[in-house]
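Visitor: Quick one, structure for this:
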Amino acid sequence: RSLTLVSTLSGAVYAFGSNSHGQLGLGGSEVDKFAPTEVKSLRTQKICPTGLAAGSEHSIVLTSEGGVFSWGSNKHGQLGRKSATEVDGTPARIIELMGTVVSQISAGSRHTVALTPSNNKMYAFGSASSGQLGRGAQNTQDSHVPQLIGGDIWGTISLIAAGGNSSWLAVNGKERSQLEKAPALKVLNSKVLKKIQDIAEDETLDQDFLEEIELIFNSLSCLNGSLLLNTHSGCSESNHGVDFEAWEEAFTILKECPNDTIHTVVISGLLSALSQLRPNPIELESLRFFLVLPMHGCMASPSNTEEFQIPFARAVLNLPSAIYKMFEKWLNVVPTDWTSQLIKCFVKAVDPYLQILKTDKNDPVIGTSISTILIFLHMLKRINIENGAPVSIETFYLRNMHEYYDIKNSYYHWKMARMQNRDTTLEFYICNFPFIFDPIAKEMILMADQEFDQTMAQQSAIQNAMFQFLTSGEGQYVLPFLNIIVSRDNIVQDTISQLTFVAAENPQNLKKPLKVTFDGEEAEDEGGVTKEFFLLLIKEILNPDYGMF
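Guide: Predicted coordinates for the structure are as follows:
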């Protein structure tokens with residue numbers, strides 16, 4: 001045989017090897033494949049993962065509903081489709097077997113056999129040169145459609161097989177239906193979880209069972225194949241197949257297990273599985289781990305950030321564009337509680353890093369780690385908003401950050417970097433991620449922005465005056481403040497008139513710190529007069545006579 005067929009647990013079929021007669025199912029391509037390549041046309045056909053068969057130059061697969069698809073060489077009729085050409089590289093259903101459930105298939109070099117248990121019939125088609133179709137020594141003509149094998153069969157057919165130029169069947173045994181055969185993959189299921197529930201605190205664990213647990217949690221494939229929905233077959237951008245409720249229950253059982261050895265094996269296994277994530281996964285099913293891991297308690301503890309949260313976030317952010325877009329669609333359909341829990345895990349992970357930094361500064365190690373977390377949170381925030389914000393925006397807030405982080409100074413650094421046209425993404429600036437600011441932090445930034453603009457306006461005015469003096473020998477007196485004179489009796493109109501005049505003359509002066517003088521009064525404004533001014537102004541504005549409120 002010159003080709004190999006493999007299937008994922010959810011029925012994605014991959015083929016590799018010779019494609020001289022289209023036996024890889026890749027359509028018109030005749031190029032040989034040296035690595036597994038998906039037979040994409042079968043993605044939605046619910047292929048049974050144990051129902052694959054390959055002949056010398058043709059391929060056969062069984063669906064979970066008992067249908068049969070074939071492709072490749074049809075020189076001897078081994079595809080079972082009368083309308084098929086001699087070479088057909090596109091998988092197509094064998095119409096002649098429709099209407100009855102096929103439970104087993106097998107392929108010889110140039111022929112195929114199939115079993116329909118409901119009527120205890122075995123069908124064969126393809127080459128009959130050596131009698132492999134079971135029709136007697138006198139009938140060696142090839143058959144392009146399924147034909148019943150001849151002879152008397154005393155008993156119920158339980159197993160069929162084909163190889164080379166021969167076919168076999170066994171009777172009166174337990175039927176080996178490929179539709180019901182469990183894949184050779186250890187998975188976490190109710191049986192395993194029940195054993196874990198029954199473990200006592202000081203119980204000596206059975207070594208075989210411990211090795212089974214270790215195998216399941218150390219293998220990315222085993223975890224991705226565990227606790228799936230009944231509809232998991234045909235994994236796609238709209239069907240992740242993960243049973244969230246079953247996984248939540250499983251992790252609760254593991255958490256409540258009194259045996260420390262189980263906890264150690266599970267944590268160690270999850271770390272191992274996380275390290276197995278490939279930068280360029282070829283199969284969508286391998287992304288199920290990204291939905292499973294956040295439900296375990298290891299992701300909720302900030303002390304595990306370097307081991308779990310950061311590698312997790314980095315793996316998601318580094319996914320190839322096409323795979324990333326499909327995974328993003330999964331995030332649009334996951335339970336809201338799952339999304340909320342994931343956001344909270346990463347928000348909590350930010351806090352310890354900020355407490356170490358205390359303000360924006362160039363620390364490559366911490367800066368890289370915290371940036372990874374915040375970029376991941378930004379992705380979640382964007383997806384959440386695009387999906388109608390099922391999770392409250394306040395879930396992203398880092399509460400009381402102002403108590404240990406110098407927000408004002410950080411804003412100044414960020415503002416200066418932007419004014420100097422520096423790329424603020426090359427270093428860590430907390431202001432690149434405003435969605436984590438709670439109302440107090442936002443108020444502090446607004447105040448810092450006002451102070452910054454006032455300071456810059458003052459400096460600009462002084463620098464302009466100095467430049468004028470140095471270049472022309474003449475200068476003018478520069479007021480570092482915005483001074484206005486108002487009367488107490490006409491405070492609203494006076495304020496509007498003077499601000500309008502300033503805005504028309506030089507709008508930049510509006511950014512200077514304000515100093516107020518009341519007409520006819522000599523009090524120096526050291527802050528108190530301005531406060532009194534605003535109190536009187538607000539009182540007048542709220543006066544019903546103005547009709548504004």
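
Visitor: Residue 20 touches residue 30, doesn't it?
Guide: Yes: with contacts counted by C-beta atoms under 8 Å, residue 20 reaches residue 30, the gap being 6.6 Å. Backbone N, C-alpha and C define where each C-beta goes, glycine included.

Visitor: Residue nearest the middle of this structure, spatially speaking?
Guide: Closest to where the C-alpha atoms of the chain average out (C-alpha atoms, centre = their mean) is residue 327, at 4.1 Å.

Visitor: and that residue, what element?
Guide: helix 321-331 (DSSP states H and E).

Visitor: Likewise for residue 16?
Guide: Assigning secondary structure by DSSP H and E places residue 16 in strand 13-17.

Visitor: just residue 89 next, same as before
Guide: In this assignment (DSSP H and E), residue 89 forms part of strand 87-93.

Visitor: And for residue 376?
Guide: With DSSP H and E as the test, residue 376 turns up in helix 364-386.

Visitor: pLDDT of that helix, averaged?
Guide: Helix 364-386 carries an average pLDDT of 92.

Visitor: mind checking how far that helix is from the chain centre?
Guide: On the basis of C-alpha atoms, centre = their mean, to the nearest Å, helix 364-386 sits 14 Å off its chain's mean C-alpha point.

Visitor: Can you name the element that comes right after it?
Guide: Scanning onward from helix 364-386 (DSSP H and E), the first element met is helix 407-419.

Visitor: what about that next one, distance to the chain center?
Guide: Centroid separation between helix 407-419 and its chain, computed with C-alpha atoms, centre = their mean, is 33 Å.

Visitor: what comes up buried for it?
Guide: Neighbour-count burial for helix 407-419, counted by 16 or more other C-beta atoms under 10 Å, picks out 407, 408, 410, 411, 412, 413, 414, 415, 417.

Visitor: cool, and stretch 202-209?
Guide: Result for stretch 202-209 [16+ other C-beta under 10 Å]: buried residues residue 205.

Visitor: average model confidence for it?
Guide: Stretch 202-209 comes out at a mean pLDDT of 87.

Visitor: From start to finish, how long is that stretch in a straight line?
Guide: Start-to-end span of stretch 202-209 (C-alpha to C-alpha, to the nearest Å) is 16 Å.

Visitor: Relative to the whole chain's centre, how far out is that stretch?
Guide: Counting by C-alpha atoms, centre = their mean, stretch 202-209 comes out at 36 Å from the chain centroid.

Visitor: Outside of that stretch itself, list whatever touches it.
Guide: Contact partners of stretch 202-209, identified using C-beta atoms under 8 Å, 6 or more residues apart in numbering, comprise 195, 199, 259, 261, 262.

Visitor: Show the contacting residues for the third one.
Guide: Think residue 259. Taking C-beta under 8 Å, 6+ apart as the criterion, residue 259 is in contact with 199, 200, 201, 203, 205.

Visitor: Quickly name whichever of these is closest to residue 237.
Guide: Among the contacts of residue 259, residue 199 lies closest to residue 237 (C-beta to C-beta), at 39.1 Å.

Visitor: Give me the pLDDT value at the closest residue to the closest one other than its chain neighbours.
Guide: Distances taken as C-beta to C-beta, 6 or more residues apart in numbering place residue 259 nearest to residue 199, at 5.0 Å, with adjacent residues excluded. The model reports residue 259 with a pLDDT of 90.

Visitor: for residue 282, same thing?
Guide: 81.

Visitor: Identify the residues contacting it.
Guide: Residue 282 makes contact with 36, 38 under the criterion C-beta under 8 Å, 6+ apart.

Visitor: does residue 5 count as helix, strand or coil?
Guide: Under DSSP: H, G, I helix; E, B strand; the rest coil, residue 5 falls in the strand class.

Visitor: number of nearby residues for it?
Guide: When neighbours are counted by other C-beta atoms under 10 Å, residue 5 registers 21.

Visitor: Any stretches of the chain with poor pLDDT?
Guide: 1, 29, 362, 454, 456-479, 524-527, 545-549 (pLDDT under 70).

Visitor: what ranges do the helices span in it?
Guide: Ranges of helices in the chain, per DSSP state H, are 190-197, 207-218, 220-224, 244-256, 260-275, 288-292, 310-317, 321-331, 336-357, 364-386, 407-419, 439-472, 491-505, 528-541.

Visitor: Would you mind putting those into a markdown table with distance to residue 122 alongside?
Guide: As requested, the helices of the chain are exported to a markdown table (distance: least, C-beta to C-beta, whole Å):
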| stretch | distance to residue 122 |
| --- | --- |
| helix 190-197 | 34 |
| helix 207-218 | 37 |
| helix 220-224 | 34 |
| helix 244-256 | 39 |
| helix 260-275 | 43 |
| helix 288-292 | 38 |
| helix 310-317 | 48 |
| helix 321-331 | 41 |
| helix 336-357 | 48 |
| helix 364-386 | 53 |
| helix 407-419 | 75 |
| helix 439-472 | 74 |
| helix 491-505 | 93 |
| helix 528-541 | 93 |
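
Visitor: which stretch among those helices comes nearest residue 515?
Guide: Nearest of the helices of the chain (C-beta to C-beta): helix 528-541, 6.7 Å.

Visitor: Which positions in that closest one come out as buried?
Guide: 533, 536, 537, 540.

Visitor: what's the spacing between that helix and its chain's center?
Guide: Per C-alpha atoms, centre = their mean, the displacement of helix 528-541 from the mean C-alpha position of its chain is 54 Å.

Visitor: Please export the C-alpha coordinates of that helix as PDB.
Guide: Taking C-alpha atoms only, helix 528-541 is exported to PDB below (Å, rounded to 0.1, in the frame of the first residue of the first chain):
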ATOM      1  CA  GLY A 528      -8.900  80.800  47.000                       C
ATOM      2  CA  VAL A 529     -10.200  83.500  44.700                       C
ATOM      3  CA  THR A 530     -10.500  80.900  41.800                       C
ATOM      4  CA  LYS A 531     -12.400  78.500  44.000                       C
ATOM      5  CA  GLU A 532     -14.800  81.300  45.000                       C
ATOM      6  CA  PHE A 533     -15.100  82.200  41.400                       C
ATOM      7  CA  PHE A 534     -16.200  78.700  40.400                       C
ATOM      8  CA  LEU A 535     -18.700  78.500  43.300                       C
ATOM      9  CA  LEU A 536     -20.300  81.800  42.200                       C
ATOM     10  CA  LEU A 537     -20.200  80.800  38.600                       C
ATOM     11  CA  ILE A 538     -21.900  77.500  39.100                       C
ATOM     12  CA  LYS A 539     -24.500  79.100  41.400                       C
ATOM     13  CA  GLU A 540     -25.400  81.600  38.700                       C
ATOM     14  CA  ILE A 541     -25.500  79.000  35.900                       C
END
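
Visitor: and that helix, what does it pack onto?
Guide: For helix 528-541, the elements it packs on are helix 491-505, strand 514-518, judged by 3 or more C-beta pairs under 8 Å, 6 or more residues apart in numbering; DSSP states H and E.

Visitor: Given the last one, what are its sheet partners and their directions?
Guide: It stands for strand 514-518. strand 482-486 (parallel) (DSSP bridges).

Visitor: what's the partner strand in contact with?
Guide: 494-495, 498-499, 502, 509-510, 512-519, 533.

Visitor: Nearest to residue 244 among the residues you listed?
Guide: Nearest to residue 244 out of these is residue 510 (C-beta to C-beta; 54.9 Å).

Visitor: Do I have it right that residue 144 meets residue 83?
Guide: No: applying C-beta under 8 Å, one finds residue 144 not in contact with residue 83, separated by 9.1 Å.

Visitor: Give the residue from those two that has the larger number of neighbours.
Guide: Between residue 144 and residue 83, counting by other C-beta under 10 Å, residue 144 is the more crowded of the two (18 against 11).

Visitor: Which stretches in the stretch 101-250 of the chain count as strands?
Guide: Per DSSP state E, counting those that start in this stretch, the stretch 101-250 of the chain carries strands over the ranges 104-107, 111-116, 121-126, 143-148, 157-163, 166-171.
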